[in-house]
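In: Could you look at this predicted model? Sequence included:
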Amino acid sequence: MEERIIKTEYSEVMQKNFIDYAMSVIVARALPDVRDGLKPVQRRTLYDMSELGLRYDRPYRKSARIVGDTMGKYHPHGDSSIYDCPVVMAQDFKKMLPLVDGHGNFGNIEGDGAAAMRYTEARLARITQENFLADLDKDVVDFIPNFDETEREPEVLPVRIPHFLVNGSEGIAVGMATSTPPHNLAEVIDAEIALMKDPELSVHQLMKYVKGPDFPTGGIVVNADDLEQIYETGSGKIRIRGRVTTENEKNGHIRLVITEIPYTMIGAGIGKFLEDIAALAENKLTTDIIDISNQSSKEGVRIVVELKKDTDVENFTNLLYKKTKLEDSFGANMLAISKGRPEVMDLRQILQASIDFQFEIATRKYQTLLTKEQEKKEVQEGLIKACNVIDLVIEILRGSRDRAMAKNCLVNGVTDGIRFKTRESAAMAAQLLFTERQADAILEMRLYKLIGLELEALLKEHEDTVANIYRYEDILSDRNSMSLVIQQELLDIKKQYGRARLTSIENQAEAVFVAKAMEEIDVGFVMDRFGYAKTIDAGTFEKNKEALETDFRFHFICKNTGKIVLFSDTGQLYTFRAADLPQGKLRDKGVPVDNVSNFDSSKERIVQAASQSDLNLYRLMFVTKLANMKIVDGGEFDVSKRTVAATKLMDGDEVIDVTILREQQTVILATENGYFLRFAVSEVPEKKKGAVGVRGMKLGRDDVVREVYYLTEGEERMVEVNGIGLPLSSIRIAGRDGKGSRPIKG
């Protein structure tokens, strides 16, 4: 075969292939069809369960069998994604209307997963059997080839309810996602019937029936006024709160009991919620919590927070709404496949799509039933006619050589070769003219059908068949008649499966939490060389000053309501509240400052810690390893942000010292190569925090500033250099930007 090379733009090939892939994901995997509200994997799993005969009134079958059969016949993807499908459809805390009846461990609301598929069993739920799969044998939907064209599967299931709304849907496709909240079955059916009666109803009018989402976890939707806009556009945010009650204990303590949670908290969200409540106490946002317990069981959710006697319960509840997932948003985006294309649909469009689908499957169903009844009527009329001339029929059968000859006589009146008793019989036989179907029925008729009671039953059956034909023709010819039939079916489903609403729809004001004013007191801040910090009682701080000098790198008195600032060698300033630190005893370990600030000990180190209120009273001296220096007014560091740049650094430079200037007169720079330069603090200019500064010392090649010392007037201080003591006061005072001297040769 001759090779053909096709030249084309690479971008065009990529664009076409990506669009093909995206549409495949959108239509064939991720998004539900608005007609049955099912994704392909859900539809295929339910159909496969039906094919396996897993009816609601039959024994369960291993989930592994269902998964394997679905994978092999209809859905050639991972077994875990297929198994997740019946698991979720069996969970009543995720679906308002579970479609699968699971037996075994199918997970729970707290996030525990289902047992392996080899352990669990499943079968179809009754509503699925009766209202999702019941009419597949009546040619109500089209069947398409499966992936390898060895089987056929329904393009859509003949679902009799607006399932897309009832159970909602979540899915992520390429460039789009669907997130439809579940709704109350009874309300949705009422809305659909109302729209069938009056096709001109608006979304506003339909919301007289559909009040809003109805989540299987209950809860309270608190932005009722926003719902109409959401249902008109198909998207928006629904705010949900958990349901909270209070109980009073004999000891005077108050129990805050959460009995319903937001739908978004299903799964690991409950564990995170408990952690968040504990964090409120740890971070001292509240001191009202005595104990937290999760008492949830099969009977339902029950999370208990025990509070102190004098707790403002309303204020504490608002704190939970503000700082935890007890109030959360559900982002609605009612996206579905409609007429082969993804589309964000409003409430009316979704209901109308369901109505159109109901009329389509009803038309095909009753056309199939009508055809069957007409065929039955034809046979019945042939049998009745044959019974009236049964002697002649028997004569034809006895006189024929074979079945074909007898049938030819019954259908076409051909009497050649048939032995008749009389010429009159032959003449009458030539005039019978039964149809092919009637002739076959006559030839297969058993003799007991000639009994009188059997003949009466045949006549009664014929009357019923004629009545059915009349009814089906009326339904098919009159849309109103078909509408009444569909409405009655919907009302029957509502009566059998409808239930009261679980989620309340209200308008509630935004939660406002008023923090209790903290009593301002002095506390001691201490941080060791490993970066662990805490606060201690001010009295303990004063009594242990000598021990603090030895054991802690930074220590000072501050207000418990104030802020602590950290200066790092990368030139950053980190701020956090003193109240964020645990208050403990002198020997308690404390917590890493990484936990309460944005400081990262793996990338930088702390060169100074101070109380932010102290900085407003003083100036700060910055010194870098490349000998850049400046003085900055402490007020520049009174910032609200948790992280700001404290100074500007040149490439390869780092801050080695930040000192609060009080009474210091001279500054001494000591380099790695043993040079010392002493000069007056007043020689360093004051600059803004965003400046680099000025050079404090001329450094030799590969030399850097290692230490910075300060002296007050008349102060004597000894440092060790190469094992030899050096009095700092012995270093003569020179000028800034000098080379310095080496008082000790090494």
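Out: Arrived safely, thanks for sending.

In: Next, the contact list for L370, please.
Out: L370 is in contact with 469, 472-473, 476, counting by Cβ atoms under 8 Å, 6 or more residues apart in numbering. All C-beta spots, glycine's among them, are computed from the backbone N, C-alpha and C.

In: pLDDT of the helix or strand containing it, averaged?
Out: Remark: L370 resides in helix 347-388, with elements defined by DSSP states H and E. The average pLDDT for helix 347-388 rounds to 92.

In: R736 and G696 touch, don't they?
Out: Yes - contact status for R736 versus G696: in contact at 5.7 Å, counting by Cβ atoms under 8 Å.

In: Show me where the stretch 401-550 of the chain has its strands.
Out: 504-505, 522-527, 532-537 (DSSP state E, counting those that start in this stretch).

In: neighbouring contacts of the second one?
Out: When contacts are defined by Cβ under 8 Å, 6+ apart, strand 522-527 is touched by residues 533-538, 540-542, 548, 552-560, 564, 578, 581, 583, 586, 590, 593, 606, 609, 611.

In: Do a quick rundown of the helices in the stretch 251-400 of the chain.
Out: 269-282, 313-323, 347-388, 390-399 (DSSP state H, counting those that start in this stretch).

In: E299 is nearest to which of those?
Out: For the helices of the stretch 251-400 of the chain, the distance to E299 is smallest for helix 269-282, at 15.4 Å, taking Cβ to Cβ.

In: and that closest one, which residues are buried?
Out: Residues 269-270, 273-274, 277, 280 are the ones in helix 269-282 that count as buried (16 or more other Cβ atoms under 10 Å).

In: And stretch 237-252, by the same measure?
Out: By 16+ other Cβ under 10 Å, the buried positions in stretch 237-252 come out as 238-244.

In: cool, and stretch 627-637?
Out: Neighbour counts over stretch 627-637 (16+ other Cβ under 10 Å) mark 627-634, 636-637 as buried.

In: can you list the contacts of L370 in JSON lines and add pLDDT?
Out: Formatted as JSON lines, these follow (pLDDT from 0 to 100):
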{"residue": "I469", "pLDDT": "94"}
{"residue": "Y472", "pLDDT": "94"}
{"residue": "E473", "pLDDT": "93"}
{"residue": "L476", "pLDDT": "94"}
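
In: Export those to TSV and append columns for neighbour count and distance to P181.
Out: Formatted as TSV, the contacts of L370 follow (neighbours: other Cβ atoms under 10 Å; distance: Cβ to Cβ, whole Å):
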residue	neighbour count	distance to P181
I469	17	44
Y472	21	39
E473	15	42
L476	16	37
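
In: What is the nearest of the residues you listed to R437?
Out: Nearest member of these to R437, counting by Cβ to Cβ, is I469, at 15.6 Å.

In: What's the separation between that closest one and K376?
Out: 9 Å (Cβ to Cβ, to the nearest Å).

In: repeat for D328
Out: 58 Å.

In: which of those two has more neighbours?
Out: D328 (21 against 17; other Cβ atoms under 10 Å).

In: so the more buried one bridges to which residues?
Out: Assessed by DSSP bridges, D328 has beta-bridge partners I240.

In: picking up where we left off before, so can I have TSV of the helices of the stretch 251-400 of the chain showing distance to E187?
Out: What follows is these, written out as TSV (distance: least, Cβ to Cβ, whole Å):
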stretch	distance to E187
helix 269-282	26
helix 313-323	27
helix 347-388	11
helix 390-399	60
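
In: just so I know, which of those helices lies nearest M176?
Out: helix 347-388 (16.9 Å).

In: Could you check the angle that closest one makes with helix 390-399?
Out: Between helix 347-388 and helix 390-399, the angle comes out at 80 degrees (axes from the mean of the first three to the mean of the last three Cα atoms, to 10 degrees).

In: what ranges do the strands span in the stretch 601-746 of the chain?
Out: Using DSSP E, counting those that start in this stretch, the strands found in the stretch 601-746 of the chain span residues 606-611, 619-624, 628-633, 643-645, 655-661, 666-671, 676-680, 694-695, 705-711, 718-721, 724-727.

In: Name the stretch from those strands that approaches E200 most closely.
Out: Of all these, strand 643-645 comes closest under Cβ to Cβ, at 58.8 Å.

In: ok, then the element right after the helix or strand hosting V565?
Out: Element membership of V565, judged by DSSP H and E, is strand 563-568. For strand 563-568, the following helix or strand on the C-terminal side (DSSP H and E) is strand 572-577.
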